[in-house]
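>>> Fold the stuff below for me.
(one chain, ligands or ions: 1)
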Amino acid sequence: MNFMDFKTNENVTLVSGVARDFAEQYVRPHLMEWDESQHFPIEIFKKAGELGLMGVLVPEQYGGSGMGYFEYMNVIIEISKVCGSIGLSVAAHNSLCTGHIMNFGNEEQKQKYLPKLATAEYLGAWGLTEPNTGSDAGNMKCVAVKDGDGWILNGTKCWITHGKSGDVAVVIARTGEPRTSRNSTAFIVERNTPGFSAGKKENKLGMRASETTEMIFDNCRISDAQRLGEVGDGFVQAMKILDGGRISIAALSLGIAKGAYEASIQYAKEREQFGKPIAQFQGIAFKLADMATQIEAAQLLTERAADLKNRGENMTLESAEAKYMASEVAVKVATDAVQIFGGYGYTKDFPVEKFYRDSKLCTIGEGTSEIQKLVISREVLS
Ligand SMILES: Cc1cc2nc3c(=O)[nH]c(=O)nc-3n(C[C@H](O)[C@H](O)[C@H](O)COP(=O)(O)OP(=O)(O)OC[C@H]3O[C@@H](n4cnc5c(N)ncnc54)[C@H](O)[C@@H]3O)c2cc1C
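Below you'll find the model as predicted:
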């Protein structure tokens with residue numbers, strides 16, 4: 001099926017091909033082995049960096065590919081069609097850590113970090129979530145206290161993609177009283193900073209080759225030059241970063257859904273029962289029809305959000321709608337794909353059980369579906 005794509009341009013076609021080749025050559029041969037052992041294949045991100053996939057949105061003057069959100073969403077889709085874990089890691093690196101420094105860093109910070117992040121010499125992490133504050137991120141306990149000309153960080157961030165292997169992390173910490181407005185600030189923390197260490201690595205249902213760990217700050221001293229933007233702006237900055245990040249999770253969802261859908265089409269044409277291919281049973285064909293329609297709808301919502309983002313317009317509503325729709329579609333499509341494969345779909349010999357496990361992250365990370373509905377309802381009621 002040709003999914004409608006009203007924003008195709010030469011760059012989109014080119015970079016999609018690069019991402020597809022990268023995934024086929026460096027990811028596909030190892031994906032089940034990495035999944036089983038929870039191996040985080042850090043070396044392949046260097047290759048992705050050489051290909052321009054780790055700084056898709058970073059302007060060329062800082063060593064990036066200087067592309068827009070259509071190119072970016074297609075990079076994530078192509079990689080995630082093969083492996084959601086690698087798609088998630090590429091997305092977190094590009095839009096969270098790198099995106100935060102690109103959008104809110106001063107010139108000195110941009111020159112220092114963006115070229116290294118865009119080439120994957122540095123891998124990026126981004127820490128907002130804490131053990132007791134996920135959806136309610138504004139209630140964070142991790143604190144940064146001013147101390148002379150620097151800051152002392154104390155607390156724990158959890159569920160952080162590349163929390164151990166990240167060379168540099170953007171960390172949002174509380175700098176004001178709890179439950180007051182403008183009470184947090186973002187900082188760039190380098191991995192070797194004394195007092196900064198990684199904690200527990202999560203043993204996950206899916207996305208097992210994407211590293212997820214705690215980040216622990218124990219009297220971690222950082223200079224004021226590492227502060228991103230003004231004191232008190234951290235939460236507002238984080239919400240803006242998540243608006244863009246949600247496009248990438250929508251793209252991650254689309255990739256997983258398309259991967260599961262394409263595998264299902266092929267299998268339904270080949271697998272015979274009662275003397276004919278199972279695709280000829282209406283019960284199976286209608287599943288494929290639902291998949292195709294839902295993927296198309298999610299793609300259009302994601303493209304609309306990407307279009308607004310490219311034009312610099314507010315897209316809080318549209319990115320939440322795209323993320324909500326695409327992530328729920330990914331779970332539904334992956335679930336139906338396992339059903340189409342029957343018993344074989346329940347084994348690791350076929351790709352759909354991994355899509356099924358990986359898809360669930362999409363309705364949780366960067367704001368759960370319930371939180372997306374909260375954002376959407378606030379916007380439509382305002
Ligand atoms: C693989 C993975 C990678 C991640 N990577 C990162 C990362 O790099 N950086 C980072 O900062 N975080 C990251 N996260 C954290 C992620 O963003 C949070 O898990 C997510 O925001 C949900 O928070 P929580 O897990 O604490 O769930 P909770 O907030 O405890 O939610 C539990 C349930 O309650 C519901 N709920 C909560 N509040 C409401 C409400 N007001 N109305 C209705 N329902 C509600 C939720 O929807 C959910 O169903 C990652 C998570 C995972 C699983």
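>>> And what about the nearest residue to residue 118 once chain neighbours are set aside, helix, strand or coil?
In this structure, residue 118 finds its nearest non-sequential neighbour in residue 55, 2.5 Å apart by C-beta to C-beta, 6 or more residues apart in numbering. Every residue, glycine included, has its C-beta placed from N, CA and C. Of the three states, residue 55 takes coil under DSSP: H, G, I helix; E, B strand; the rest coil.
>>> OK, contacts around residue 55?
By C-beta atoms under 8 Å, 6 or more residues apart in numbering, the residues touching residue 55 are 49, 62-65, 94, 98, 114, 117-119.
>>> quick one, phi psi at it?
Main-chain dihedrals, residue 55, degrees, to the nearest 10: phi -140, psi 50.
>>> now residue 154
phi -140, psi 140.
>>> That one is in contact with residue 220, isn't it?
Yes: Residue 154 is within contact range of residue 220, at 7.4 Å (criterion: C-beta atoms under 8 Å).
>>> between those two, which one's more packed in?
More crowded of residue 154 and residue 220, by other C-beta atoms under 10 Å: residue 220, with 22 against 16.
>>> near the ligand, which residues of the stretch 151-300 of the chain?
Listed as neighbours of the ligand in the stretch 151-300 of the chain under the rule C-beta under 6 Å from any ligand atom: 159-161, 204, 207, 212.
>>> does residue 44 sit in a helix, a strand or a coil?
Quick answer, by three-state DSSP: residue 44 is helix.
>>> Now do the same contact list for it.
Going by C-beta under 8 Å, 6+ apart, the list of residues near residue 44 reads 26-27, 86.
>>> Distance to residue 369 and neighbour count for those residues - can I get that in CSV?
Compiled in CSV, the contacts of residue 44 are given as follows (distance: C-beta to C-beta, whole Å; neighbours: other C-beta atoms under 10 Å):
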residue, distance to residue 369, neighbour count
26, 32, 20
27, 27, 21
86, 23, 27
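>>> check those against the ligand, which are close?
The overlap between these and the neighbours of the ligand (C-beta under 6 Å from any ligand atom) is empty.
>>> List phi and psi for the residue of the stretch 51-200 of the chain found nearest the ligand.
Closest approach of the stretch 51-200 of the chain to the ligand (C-beta to the nearest ligand atom) occurs at residue 134, with a separation of 1.8 Å. Torsion angles at residue 134 (phi, psi; degrees, to the nearest 10) stand at phi -100, psi -80.
>>> quick revisit: looking at the contacts of residue 55, which one is closest to residue 360?
Taking C-beta to C-beta as the measure, residue 360 lies nearest residue 94 of those, at 22.1 Å.
>>> contacting residues for the closest residue to the closest one other than its chain neighbours?
Distance criterion C-beta to C-beta, 6+ apart; nearest residue to residue 94, sequence neighbours excluded, is residue 56 at 5.7 Å. Residue 56 is in contact with 15, 64-65, 67, 71-72, 75, 94, counting by C-beta under 8 Å, 6+ apart.
>>> Reformat the residues you listed as TSV; add secondary structure, neighbour count and distance to residue 356.
Below are these laid out as TSV (DSSP: H, G, I helix; E, B strand; the rest coil; neighbours: other C-beta atoms under 10 Å; distance: C-beta to C-beta, whole Å):
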residue	secondary structure	neighbour count	distance to residue 356
15	helix	22	28
64	coil	22	34
65	coil	23	32
67	coil	22	31
71	helix	24	29
72	helix	28	26
75	helix	34	23
94	helix	29	25
